[in-house]
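Enquirer: Sharing a model prediction with you, sequence too.
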Amino acid sequence: MILRDRSFQKWVWFLVWAGLTIVSSSPLYAQQSLIRGTVVALSDGESLQGVNVALFQGGELKLGAVSGGDGVYAIPSIQAGTYELRATFVGFQSYSDTLQIGPTDRFIINITLEASQTELGELIVEGDEGSGMARVLAGQTTITPADIELIPGPDISGDLVNYLTTLPGVVSLGDRGGQLFIRGGEPWQNLVLLDGMWIYQPFHILGFFSSFPTEILKTVDVYAGGYTSQYGGRISSVIDVKSRNGDKKSYAGSGSLTPFVSGFSFEGPIAVDILSFLVSYRTSVMDQGASRIIDDKLPFEFGDLFIKTHAFVSSNSQVSLSLLKTHDKGSIFEGNDLEPAEFVSWKNASAGLRYLVFPRAFPVMAEFLVSGTRLNSSLGALNTFPSRSSLANANTNINITHFNSFGDVKWGIFARSLKLESNLIGQFQDTSHRLEYLTEVGIYIEPEFKNVFGWNLRGGLRIHSFPSKDSGFMEPRIRAVKVREKDEFTVALGSFHQEIVGLTDRRDASGVFTAWTSSPNTLPVPEALHVIVGYRKTFWGKFDVSLEGYAKRLRNLFIPEWTAYPRFTTKTQPAEGRVYGGDLRFEYRQAPFTGLITYGLSSVEYTAKQENIELWYGQEELKFRPAHDRRHQLNAVVALDFGSFDLNVRWQFGSGLPFSRALGFDGFTVVDGNLDVFSDPGSRRVIYERPYNGVLPTYHRLDITIQKKILLPHGVALSGMLGVINVYDRMNLFYLDVFTLRRVNQLPFVPTFGLKMDIE
Amino acid sequence: MRYQIYIVALALSSGSLMILFSGCDETVNPILGSDETFSFYGFFNPREDTQAIRVYSIDGILKPETSQKLDAIVTSKNKKTGETVLWRDSTIVFKNQTVGHVFYALFRPEHGAEYTFEALRSDGKRAYLDLIVPNDGDAELVSILSTRSSVIAELHWKNVPRVLQAIATYSVRIPFPDRSDTTTIRVRIPSGQAQQTSSGDWKVTILPSTDIGTIFSTLVLQPGTSPILLNEIEVSVFVVSDNWVPPTGAFDADLLVQPGTFDNVEGGFGFIGSGYFDNYTFELSDKQKQDAGFAIK
């Protein structure tokens, strides 16, 4: 829903009133007590998510909670009395304490858990029962580093992007470019956050690597749609990456080397138990490494640097400062007889400050986020003036959580300032030089209602406005989960808008340059409606099956205008889209075996509304399958952990992607009058078939890695990895230059190896 | 033992996948091919002795044209008389260094005649079209309406199928700075106003009182400081065949580039029309010149 200024103000006041009503009517303000706190691990001071914290009275469970992303838990609405507080988590010894709670007490109890070993001396691996391929919750999948390590890849530590591409509905066009299409949406429609910082180009130019090394990751929540009201500004998906805090007890580090990247990480206490740091650095080494092993040009360079400090300022507050810098450079389009090779580059820099506090005076948790991001991108041929795009934004967020017996109420306010500048040459006609300053402000509220006829409901309303553009949006959303003993049902619905859009030349997979701009004043803003319905069941405690169906309606999209000129012009045309799909996921875990099978069935259809369509094709609008509509996706992963070595195998399959075929090539001259054919050179022209009527070959690949870890004295561990990417040397197509018939394949048979040293 | 079972199972599965897929190499051909053979661009001009048409072959790969002779025998035939003219291939290197093939023939098409233009490939496939050369029309100065600062001249072209463009060329004299003599200059101004009347004539409207402003700015002169004397006005219209009209009325290259949008070729693409420039020259009276803003002496 679109709002104008006055409507926006009315709705904001309504939201504030609604929030105050819900909160003030909460039993919290009655004579009841509250316990809040943070759960951390004894070994390194890292916060623990998923810990069960419960109050028992007379041996009977009375109330409980599960710790969240920062290890934060809260148990509200406690009647006065004597209780036993217990905290339990797989792989850790239980914590227990006896509490005498009065009628209006507000305790802050921080819990430290110690890792446990079985009587047999076998180390129990820390697990997170909330993660796992099949544990999808209305489009939301939680990923941990342990999940990432199951997927074979060229990096010895694994990488987030390789796991993401095993998720059904996540389409990657190839092993270069770093573009992910999630459930029919385009890359510029995905919101990627790292510790609350907006990351605009989150994947490196070589598609096996994200900007987030596994060493820094704590959890990653992927919302393939239907996400909650605290997220906004994007219409397709959210990838919310949270980093670790760094060891607060002792120093640790690692260094790794593979033919593709080398890097190191280092962490430790600045003040034991209070202040820690974490540093990670990676850089590509393909010139010296991979390019010598495989018979394929890899003209790519990339790297990333991550620095974080985290501190428990007091017993009820913590603060962290994060910094991320990435750089990428390379050539994806290698040129043809008509056009020279193009080089693309981008640099990300983001910094964020996060303060989390349990105010002693108020029964809430408050989070304050301030962050800034800068992205500079360029695209062009050698010795020519390139197209450039730069973006700078500053974000401020305040998120408040009220703890109630009927459910938490989250609400927040946010403000963002953006500077968007682009200087586009050649193919991006209609845009040329553009400089814009924008401000966005908004508010959201997200009340949770537990156990409504067996369902946990989380409603939401997000209202945001761009005052400088006199535009505002109201976005209702709802997520519902019904958990039974062995299965659960999930539903999510939501409305989304996106004012800041990305322009790309999407005629082929080699188009990775994105120019960020605000949507034109004369046109409505892109919007989407999501519906997700899911079901999950667990068999014998170790076998999960989930089935999820989804639908999206996309409106006011911008897609490249069609033209018979070969790569000379790309104005945009309006389009609408619809997406239908379903995911089926199986996951079986029985040590030492972990098996995952995912299947995604999806149908994406766009309707193009270019003005010329009626003249060209005899109909007012044209329906077609866009270039990222992969109908069938199948992933099978097997991981064997034998203790002394790990074996990881992945086979992936994707049906062919649509593309536009040509009938032939000729030339064109406008015969508009006294044409002098001896002096007018004309232009070459492509005689296209109906757009996207062809289908590229299927994609499939088998990857295998084997890894062994040796423990050496003085806390040193040495790991070695051997593997093969694309075991049977499948010639998977990356892109096909329709004009010259030149085919660029994805990586061939690639032997890979890696060495990693961990020091604690 | 259990581990060995896992390894064996994995090895068998992986090996099966390798055997199953290693021989598969799905080639893809993005070019479907076409029965169309050539694309043509240009027009027949009954006022010229040499005719020229740009010819492109329709290929299966996008490559710059070369000077290699096109596989085409190009002819034109007068359908009434049966006279056939063989056209010759010439390779042109344009200013942007690209190469193109222009076929030319030495003949003057007849007004009102119908021709077939054809290019025949060595495999027997051809592209062709029929076109009608427009009649030799009659031009008439219908009226000149003249009031202070407003002079409108209306001309009609009769017996022509269509007028595509109209250009007014003003022959003017500019005095020397010492006013001892004058120099004559011709200033071309696209008129742009050609409309068909209900009787089928084509009306062209010339606005000397408006065009004088363009003349001043073209000659970088200041009105009131330097007089301009008008000799005569030559109106040139581009008379064309009736089918020489784009689908939306405007020659938008981005619209017309799509094959089939503005084509009249069978077995190919492109457009060949027929047209010629016809001129009519007239003078304004002294009062009309003054009303339009020109000087008298």
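Expert: That came through, no problem.
Enquirer: mind showing which ranges of the stretch 201-350 of chain A have poor pLDDT?
Expert: Scanning the stretch 201-350 of chain A with the threshold set as pLDDT under 70 gives A:332-340.
Enquirer: what about the helices in it?
Expert: Counting by DSSP state H, counting those that start in this stretch, the stretch 201-350 of chain A has helices at residues A:290-293.
Enquirer: what's the burial count for B:Phe38?
Expert: Number of residues near B:Phe38 (other CB atoms under 10 Å in any protein chain shown) recorded here: 27. From N, CA and C alone the C-beta is placed, and that goes for glycine too.
Enquirer: Quickly list what the residue most central in space within chain B is bridged to.
Expert: When CA atoms, centre = their mean is applied to chain B, the residue found nearest the centroid is B:Gly42 (6.7 Å). Counting by DSSP bridges, B:Gly42 is bridged to B:Ile53, B:Ile272.
Enquirer: shouldn't it be in contact with A:Asp676?
Expert: No - between B:Gly42 and A:Asp676 there is no contact under CB atoms under 8 Å: 9.3 Å.
Enquirer: ok, now which ones touch the residue in the stretch 151-300 of chain A that chain B sits nearest to?
Expert: Of all residues in the stretch 151-300 of chain A, the one sitting closest to chain B is A:Pro152 (11.7 Å; CB to the nearest CB). In this structure, A:Pro152 makes contact with A:Asn162, A:Asn648, A:Val649, A:Arg650, A:Asp703, A:Ile704, A:Thr705, A:Gly723, A:Ile725, judged by CB atoms under 8 Å, 6 or more residues apart in numbering or on different chains.
Enquirer: Tell me which helix or strand A:Pro566 sits in.
Expert: If you go by DSSP states H and E, A:Pro566 is not part of any helix or strand.
Enquirer: That one: neighbouring residues, count only.
Expert: Neighbourhood size, A:Pro566 [other CB under 10 Å]: 21.
Enquirer: ditto for A:Ser417
Expert: Residues near A:Ser417, counting by other CB under 10 Å, number 15.
Enquirer: now do A:Thr598
Expert: As a burial measure, A:Thr598 scores 24 neighbours (other CB under 10 Å).
Enquirer: Same check on A:Ala591?
Expert: Residues lying near A:Ala591 (other CB under 10 Å) number 12.
Enquirer: Quickly list the domain ranges of chain B.
Expert: Here the domain parsing of chain B from automatic domain parsing is B:3-11+B:136-241+B:279-292, B:17-135+B:251-274.
Enquirer: Now B:Leu255: which helix or strand?
Expert: Here B:Leu255, judged by DSSP H and E, is contained in helix B:253-256.
Enquirer: Help me see whether that helix makes contact with chain A, please.
Expert: Yes - with CB under 8 Å from any CB of the partner chain as the measure, helix B:253-256 is seen reaching chain A through B:Ala253, B:Asp254, B:Leu255, B:Leu256.
Enquirer: would you turn these into JSON lines with pLDDT and neighbour count?
Expert: JSON lines is the format used below for the residues of helix B:253-256 next to chain A (pLDDT from 0 to 100; neighbours: other CB atoms under 10 Å in any protein chain shown):
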{"residue": "B:Ala253", "pLDDT": "90", "neighbour count": "14"}
{"residue": "B:Asp254", "pLDDT": "87", "neighbour count": "16"}
{"residue": "B:Leu255", "pLDDT": "90", "neighbour count": "19"}
{"residue": "B:Leu256", "pLDDT": "94", "neighbour count": "24"}
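Enquirer: Tell me the one of those nearest A:Phe306?
Expert: In terms of CB to CB, no member of the residues of helix B:253-256 next to chain A lies closer to A:Phe306 than B:Asp254, at 46.0 Å.
Enquirer: which residue sits closest to that closest one in space, ignoring its chain neighbours?
Expert: A:Thr563 (6.5 Å; CB to CB, 6 or more residues apart in numbering or on different chains).
Enquirer: thought the one you found was touching B:Val257?
Expert: Yes - A:Thr563 is in contact with B:Val257 according to CB under 8 Å; the separation is 6.4 Å.
Enquirer: Give the residues shared as contacts by those two.
Expert: Common neighbours of A:Thr563 and B:Val257, using CB under 8 Å, 6+ apart, do not exist here.
Enquirer: returning to that earlier point: okay, the contacts of A:Pro152 in JSON lines with secondary structure next?
Expert: JSON lines is the format used below for the contacts of A:Pro152 (DSSP: H, G, I helix; E, B strand; the rest coil):
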{"residue": "A:Asn162", "secondary structure": "helix"}
{"residue": "A:Asn648", "secondary structure": "strand"}
{"residue": "A:Val649", "secondary structure": "strand"}
{"residue": "A:Arg650", "secondary structure": "strand"}
{"residue": "A:Asp703", "secondary structure": "strand"}
{"residue": "A:Ile704", "secondary structure": "strand"}
{"residue": "A:Thr705", "secondary structure": "strand"}
{"residue": "A:Gly723", "secondary structure": "strand"}
{"residue": "A:Ile725", "secondary structure": "strand"}
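Enquirer: list the helices and strands the helix or strand where B:Ser236 lies packs on?
Expert: B:Ser236 belongs to strand B:229-240 when assigned by DSSP H and E. If you count contacts as 3 or more CB pairs under 8 Å, 6 or more residues apart in numbering or on different chains; DSSP states H and E, strand B:229-240 packs onto strand B:150-158, strand B:162-175, strand B:202-206, strand B:268-282.
Enquirer: still on that earlier bit, now the residues of helix B:253-256 next to chain A as CSV including distance to A:Val370?
Expert: CSV is the format used below for the residues of helix B:253-256 next to chain A (distance: CB to CB, whole Å):
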residue, distance to A:Val370
B:Ala253, 50
B:Asp254, 46
B:Leu255, 50
B:Leu256, 54
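Enquirer: Show me which of those residues is closest to A:Phe449.
Expert: Using CB to CB, B:Asp254 comes nearest to A:Phe449 of the residues of helix B:253-256 next to chain A, at 54.7 Å.
Enquirer: so that closest one touches A:Gln573, yeah?
Expert: No - B:Asp254 is not in contact with A:Gln573 according to CB under 8 Å; the separation is 11.3 Å.
Enquirer: For the stretch 51-200 of chain A, just list every one of the strands.
Expert: For the stretch 51-200 of chain A, applying DSSP state E, counting those that start in this stretch gives strands covering A:52-57, A:60-66, A:72-78, A:81-88, A:95-101, A:106-108, A:111-113, A:140-143, A:170-172, A:180-182, A:190-194, A:197-198.
Enquirer: For chain B, find the nearest of those strands.
Expert: Among these, the nearest to chain B by CB to the nearest CB is strand A:170-172 (18.3 Å).
Enquirer: okay, the residue nearest to B:Asp254: pLDDT?
Expert: We have a pLDDT of 83 for A:Thr563.
Enquirer: mind checking the end-to-end distance for stretch A:232-240?
Expert: 12 Å (CA to CA, to the nearest Å).
Enquirer: Give me the contact list for that stretch.
Expert: The contact list for stretch A:232-240 (CB under 8 Å, 6+ apart) reads A:164, A:182-186, A:189-193, A:202, A:220-225, A:227, A:231, A:416, A:440, A:442, A:444, A:462, A:464, A:475, A:496-500, A:526-528, A:552, A:554.
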